[in-house]
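Peer 1: Next one to model:
(2 chains)
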Amino acid sequence: MPLKLEIVTPEARIFSDEVDSVVLPGVEGEMGVLPAHANLVTTLTHGELVYTKGGKSTHFAVGEGLVEVTGSTTRILTDMAVGVEEIDEKAVQEALDRAKHALENIKPGTDNEEVAAVMAMIQRSSAQLHVKRKRHSL
Amino acid sequence: MPSTRDIRRRIKSVKSTAQITKAMQLVAAAKMKKAQDQATNGRAYAETMNKILVALRDAAEEGSHSYFDEGKGTKTLVLVIASDKGLCGALNTNLFKKLVNTKIEGDCDFVTIGRKASQALSRLRKTLIADFPIKDPAKFTDLRTAGNFIQEKFRSGDYKKVLIAFNNFVNTVTVVPTIEQLLPVDKVTLGGKRSFEGMGSALEVKETDHNVPEYTFEPNAAAVFESILPQYVNNTLYQMLLEARASEHSSRMVAMKNATDNAKQMLKDLSLEYNKLRQAAITNELLEITTAKMALE
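Peer 2: Sure thing, here's the model as predicted:
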């Protein structure tokens, strides 16, 4: 029995294919999903999503979101999903540095809208970097 | 009486204006298509989220989330989504008119997306608390900052409710300025089809049937609910932004089409006048020649 993995963001359907298994970063730790899993809904945090198909595993960096598991499909709703090949390490590192720099320069007392934006940026960038670096060291 | 040279000059300038407006019309048409595609691409997300929400609504206890109740404050927060650029007909004017004519209880604070909105509101001397510039094409990550800011403000309890003023895209020629309530979330319509959603009838998000499978919620329904609602609100906001963007481009397309048509009509009139003048000049010359010849005989 195959397991269908779908990754959707508000902007597009990033990925949709049949896979053997999925490991995803749930809110209570990493979670593995195999075919015929019980129906489940849980929240997703920033981190790395891995799926295996025919013995080959592929990595994605994902953002916050939701996971819906039914027996035959696993659907990931997230605001960010980037395949590991698409991550431009240099660009992301630069973005991260920029964000950290911005965070240091924000004057105390400014509206927290800026801080929130920068924090989100940092989280996204570090999730991507983490996934990319891990692939390199293998 | 203008000389033929003056008219020739005017024809040249009108012609180049027509070329520019024609180009803008084509660009706007392409951008409108893009915004529509973006909305279509987001449907899978919206549908799955609606499905989970329906399942959750039954599982979670009633009134278990602060987003379902009005805030303690008396003020209303209004997010106005307008365009960054002009030359799009009466699009923004109609939206502001609607906003001014709508009676909103209590004081209002405003948050804007789009340069035209912040300009208009500061002209009207309204309290503007934040402005979020969002480039075109709209990215979800850009919008999330605005969404989180608004939710933060609502959670702080200063505001009774949050309204959104935007242009609803019905079809290419019809754009309706609309004011919708974003927060508190309406429990009844939660998970259902929203009236503004879907870029005209062809692209409607399917309403979730009520035969959703039973899920296990991890860690529990309330916690999942807690995290899903902000995302639901942001997604709703994103859909509204896409509607507004599609409206902007369609209005610009129509405005530019009218401008091109007008320029063409003007060209026609001008060339007629030019030809008349030219003919008159030729006739005059001929007359002079013939009279001169007759005088010599």
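Peer 1: rest of the way, CA atoms for contacts and neighbours
Peer 2: Noted.
Peer 1: Tell me the residues on chain A that lie near chain B, please.
Peer 2: By C-alpha under 8 Å from any C-alpha of the partner chain, the residues of chain A that approach chain B are A:8-13, A:28, A:38-43, A:65-66, A:68, A:77, A:79, A:113, A:116-117.
Peer 1: Spell out the secondary structure type for B:Pro137.
Peer 2: What DSSP: H, G, I helix; E, B strand; the rest coil gives for B:Pro137 is coil.
Peer 1: Pull up the gap between it and B:Gln181, please.
Peer 2: 25 Å (C-alpha to C-alpha, to the nearest Å).
Peer 1: Over to A:Leu96?
Peer 2: Distance of A:Leu96 to B:Gln181, given as C-alpha to C-alpha: 36 Å.
Peer 1: who's more crowded, those two?
Peer 2: A direct count of neighbours by other C-alpha atoms under 10 Å in any protein chain shown for A:Leu96 and B:Gln181 places A:Leu96 higher, at 21 against 13.
Peer 1: For A:Val33, give me phi and psi.
Peer 2: Backbone geometry at A:Val33, expressed as degrees, to the nearest 10, gives phi -120, psi 130.
Peer 1: and it, what does it touch?
Peer 2: Residues near A:Val33 by C-alpha atoms under 8 Å, 6 or more residues apart in numbering or on different chains: A:Ser21, A:Val22, A:Val23.
Peer 1: let's see it at 10 Å
Peer 2: Taking C-alpha atoms under 10 Å, 6 or more residues apart in numbering or on different chains as the criterion, A:Val33 is in contact with A:Leu3, A:Asp20, A:Ser21, A:Val22, A:Val23, A:Leu24, A:Tyr51, A:Val69, A:Gly71, A:Thr73, A:Thr74.
Peer 1: Nearest spatial neighbour of the last one, chain-adjacent residues omitted?
Peer 2: Nearest non-adjacent residue to A:Thr74, counting by C-alpha to C-alpha, 6 or more residues apart in numbering or on different chains: A:Leu5, 4.9 Å away.
Peer 1: Which strand residues bridge the one you found?
Peer 2: A:Asp17, A:Thr74 (DSSP bridges).
Peer 1: Does the one helix or strand B:Met256 maps to reach chain A?
Peer 2: Element membership for B:Met256, per DSSP states H and E: helix B:221-296. Yes - using C-alpha under 10 Å from any C-alpha of the partner chain, helix B:221-296 reaches chain A at B:221, B:223-228, B:231, B:234-236, B:238-239.
Peer 1: cool, stretch B:111-126 as well?
Peer 2: No - among the residues of stretch B:111-126, none lie within reach of chain A under C-alpha under 10 Å from any C-alpha; the closest is 12.2 Å away.
Peer 1: Need the distance between the two termini of that stretch.
Peer 2: Stretch B:111-126: ends 10 Å apart by C-alpha to C-alpha.
Peer 1: Distance from that stretch to the middle of the chain?
Peer 2: How far stretch B:111-126 lies from its chain's middle: 15 Å, per C-alpha atoms, centre = their mean, to the nearest Å.
Peer 1: Would you indicate which residues of that stretch are buried?
Peer 2: Across stretch B:111-126, burial judged by 16 or more other C-alpha atoms under 10 Å in any protein chain shown covers B:Val111, B:Thr112, B:Ile113, B:Gly114, B:Arg115, B:Lys116, B:Ala117, B:Ser118, B:Leu121.
Peer 1: again with stretch A:39-49
Peer 2: Result for stretch A:39-49 [16+ other C-alpha under 10 Å]: buried residues A:Asn39, A:Leu40, A:Val41, A:Thr42, A:Thr43, A:Leu44, A:Thr45, A:His46, A:Gly47, A:Glu48, A:Leu49.
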